[in-house]
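Student: Structure of the sequence below:
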Amino acid sequence: MRGIYTILSISFALIASPLRAEPLYNKPVYNPETKSYFELYAPDPVGLLKGDQVQSIKWTVAAKMARARTHKGVRGRLAVVKTRQVHEFLRDTFQPNAAAWIGLRYWCKFKKLQWVTGEIYPTTAYAAWGQIWNEGAIYPGQKDTAGAICGFSVSDPGDHAGVHYWSIKQGFHWNANGRDKYWSAMFIEYPTGKP
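Tutor: The predicted structure is shown next:
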């Protein structure tokens, strides 16, 4: 009897686990901490699930696409990830198999990170950076190596590098490694204020 109870307990724990076996694309899920819905959006989710070569988009296009989407009457934005809980919610809920944009970008000329909400990212804030998030490692508190993120032409104040998550298999960390990067997915947040 004890063995059956153990098996049932393990089976229930696996069913109740938030970890998914495969990515969850294009389905908004509510996060009670932020009172927002989050969605791992991809224009071609079937292709991503199959591992096919799919169309990729740059950060500025992803930001426009996020603003054009709505859920429960609320306009989307690229996701703002300010806490470990939100980071873990995105990882555990969506299990992305491809790199995905978030709502943070690095302004090349000013050497500042900024959320899509307009807030400047403080160096003391929660961060999910990979061990070395760019080849030059120029933020936070490290030296600039001739514009390693943005290239050598950083005189244009509009030059920026978008921040993205690597896939689960690649460690699910933030990265910003170039102005003209293209990825196939994005995390969108719909700040509804309620479920």
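Student: Going by C-alpha atoms from here, please, whenever you check contacts or count neighbours.
Tutor: Will do.
Student: Can you pull out the low-pLDDT segments for the protein?
Tutor: For the chain, the stretches with pLDDT under 70 are 1-20, 132-158.
Student: Which parts of it are helices?
Tutor: With helices called from DSSP state H, the chain shows them at 2-16, 45-50, 59-68, 84-94.
Student: Give the other helices and strands that the third one contacts.
Tutor: Yep, that's helix 59-68 we're talking about. strand 74-75, strand 77-78, strand 100-107, strand 160-165 (3 or more Cα pairs under 8 Å, 6 or more residues apart in numbering; DSSP states H and E).
Student: In the sheet, which strands lie alongside the second one, parallel or antiparallel?
Tutor: The reference is to strand 77-78. When pairs are called by DSSP bridges, strand 77-78 turns out to pair with strand 185-190 (antiparallel).
Student: Touching the partner strand from outside, list them.
Tutor: Applying Cα atoms under 8 Å, 6 or more residues apart in numbering, the contact partners of strand 185-190 are 36-43, 56-57, 62, 66, 70-71, 74-80, 98-102.
Student: Isn't residue 93 up against residue 24?
Tutor: Yes - counting by Cα atoms under 8 Å, residue 93 touches residue 24, with 7.4 Å between them.
Student: How about the contacts made by residue 117?
Tutor: Listed by Cα under 8 Å, 6+ apart, residue 117 has no contact partners.
Student: Please determine how far it is located from residue 189.
Tutor: 11 Å (Cα to Cα, to the nearest Å).
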